[in-house]
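>>> Please work out how this folds:
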Amino acid sequence: MTATQTTVTNDPAAHKILRAAHEGGYRFPTGFAGFAADLTYADDTQSVNGSVTLRSPRQIELNLPDTTDDVREWVTRELASMAGHRWPRSYEEGDGRWTLTLAGEDHGGALIQLHDDPFGSFYRVRDGHIIQVTRNTSPLRFSILVLSHTTAPDGRALPATFVVSYWQSSPDRLIRTEAYVDDFTEVDGVMLPSRREVTTSDDQGVTRRELVLRSHRLFS
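Just a heads-up that it's a prediction; the model follows:
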């Protein structure tokens, strides 16, 4: 006997909710060429100064001497994440590509399932904001819970505090949480990252890292 395969139909209501959240989230202006800035990295054992030139999330030149490769890799990864989530991209180029359905809607918001993206993602949208993202990156899955937003001068929102929780699949257990605090500064009408603090809790204990950016210069 052949099993019947269920066809999932794209739900316009789910796309309407997610598109509104996308358009309400702050992104750099179209044609954004990047920026340079001075920076300071600090953790429980050190504080070092350097600089960065960022022309895209994948084109980052970091000058951070007197520290380890692990620190430089962490700083580069966080800079790429901060820039990548703000890089200009249309809804159709992003989540609008996928087949979406409403998996539920209650006082916690609308739960939207992405059926054909590579990570089996779920989004929760409330009050026009994406407040939770869950993805499966086997053998791990993670969930991002946004706790607060910063409002840009044009009214669009940037996540300001959020927690990322990681689970391993076998056995199923929580292995790490990361609490983020992000700050921003306006430079010539563009909201740029100015600070990121990350507190990590895992089996090794609790660690805190901070990245501060200053003296930003926009590229044209």
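>>> switch to C-alpha atoms for all contacts and neighbour counts from now on
Will do.
>>> I'd like the distance between residue 123 and residue 159.
15 Å (C-alpha to C-alpha, to the nearest Å).
>>> lowest average confidence, helix or strand, in the chain?
Sorting the helices and strands of the chain by mean pLDDT, DSSP states H and E puts strand 100-106 at the bottom, at a mean of 92.
>>> and the angle from the helix or strand just after that strand to strand 100-106?
Beyond strand 100-106 on the C-terminal side, the first helix or strand identified by DSSP states H and E is strand 109-114. Put simply, strand 109-114 runs at 160 degrees to strand 100-106, going by axes from the mean of the first three to the mean of the last three C-alpha atoms, to 10 degrees.
>>> Show me the helices in the chain, by range?
Counting by DSSP state H, the chain has helices at residues 12-24, 69-84.
>>> where does the chain have low pLDDT?
Applying pLDDT under 70 to the chain flags the ranges 1-6.
>>> Tell me which residue is most central in it.
Closest to where the C-alpha atoms of the chain average out (C-alpha atoms, centre = their mean) is residue 85, at 5.2 Å.
>>> count of neighbours near the closest residue to it other than its chain neighbours?
In space, and not counting its chain neighbours, residue 85 is closest to residue 27: 7.7 Å by C-alpha to C-alpha, 6 or more residues apart in numbering. Using other C-alpha atoms under 10 Å, residue 27 has 23 neighbouring residues.
>>> who's in contact with residue 27?
If you count contacts by C-alpha atoms under 8 Å, 6 or more residues apart in numbering, residue 27 has them with 85, 86, 87, 88, 89.
>>> Relative to the longest strand belonging to the chain, what are the paired strands and their orientations?
Longest strand in the chain, counting residues (DSSP state E): strand 172-187. Its sheet considered, strand 172-187 pairs with strand 157-169 (antiparallel), strand 190-202 (antiparallel) by DSSP bridges.
>>> so can I have JSON lines of those showing mean neighbour count and distance to residue 184?
Output for the strands paired with strand 172-187, formatted as JSON lines (neighbours: other C-alpha atoms under 10 Å; distance: least, C-alpha to C-alpha, whole Å):
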{"stretch": "strand 157-169", "mean neighbour count": "19", "distance to residue 184": "9"}
{"stretch": "strand 190-202", "mean neighbour count": "19", "distance to residue 184": "4"}
